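Q: Pasted the sequence and its predicted model underneath.
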Amino acid sequence: MGCFDEIKSRNFSLYGQWLGIASIILLIALGIVGLQSHIVFSIVGWVIAFILLMVEIPLCLKVCPTSPKFDGFIAYFENCYFRAVMYLIFAVVMFLSRLMNTGPLIAAAVCLLLAAISYGAAAVMGQSFASSRILGGTGVDNVV
């Protein structure tokens, strides 16, 4: 199954995963740009990006050596409800950066909010969690 088949599947958890990947890229890039204006939110953005990297890309857990305790923590987020809450919390943290006038991180906050909405929609609609096959996940073929 390719990228276009995943888009056509109308599985909102896949949309949330791709928005999460976009959030990771924005958090890293805009954290570098905003490093001069406010170092605290840039570092917080990088920490969030690292957490999302481990949660969203299953291939990272297969390649990187991790402890069973960390794997258990990541497995806790195989539920769309928990992912929606996690992304909503991260979005609120990044929106708080706007109060400190660190402008570029607002784009990452909006992307995090859209990912939270996507995961929330998947949870409300009762869709099973699926991860993109391109990123080392199961794809929607195995979702019942």
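A: Sure, I can see it.
Q: hey, let's count contacts and neighbours off CA atoms from now on
A: Will do.
Q: which stretch of helix or strand covers the residue nearest the centre of the chain?
A: Central residue of the chain (Cα atoms, centre = their mean): Gly20, 3.0 Å from the mean position. Using DSSP states H and E, Gly20 sits in helix 12-33.
Q: what helices or strands is that helix leaning on?
A: helix 3-8, helix 39-56, helix 105-124 (3 or more Cα pairs under 8 Å, 6 or more residues apart in numbering; DSSP states H and E).
Q: Can you give me the neighbour number for the residue lying closest to the residue nearest to the centre of the chain once chain neighbours are set aside?
A: Leaving aside its chain neighbours, Gly20 sits nearest to Ala115 (5.9 Å; criterion: Cα to Cα, 6 or more residues apart in numbering). Using other Cα atoms under 10 Å, Ala115 has 30 neighbouring residues.
Q: So for Ala115, what's the pLDDT?
A: On the pLDDT scale, Ala115 is placed at 92.
Q: pretty sure it contacts Phe12?
A: No: shown here, Ala115 and Phe12 do not form a contact pair, counting by Cα atoms under 8 Å, at 9.2 Å.
Q: Averaged over its residues, which helix or strand of this protein has the lowest pLDDT?
A: Least confident helix or strand, the chain: helix 3-8 with a mean of 55, by mean pLDDT, DSSP states H and E.
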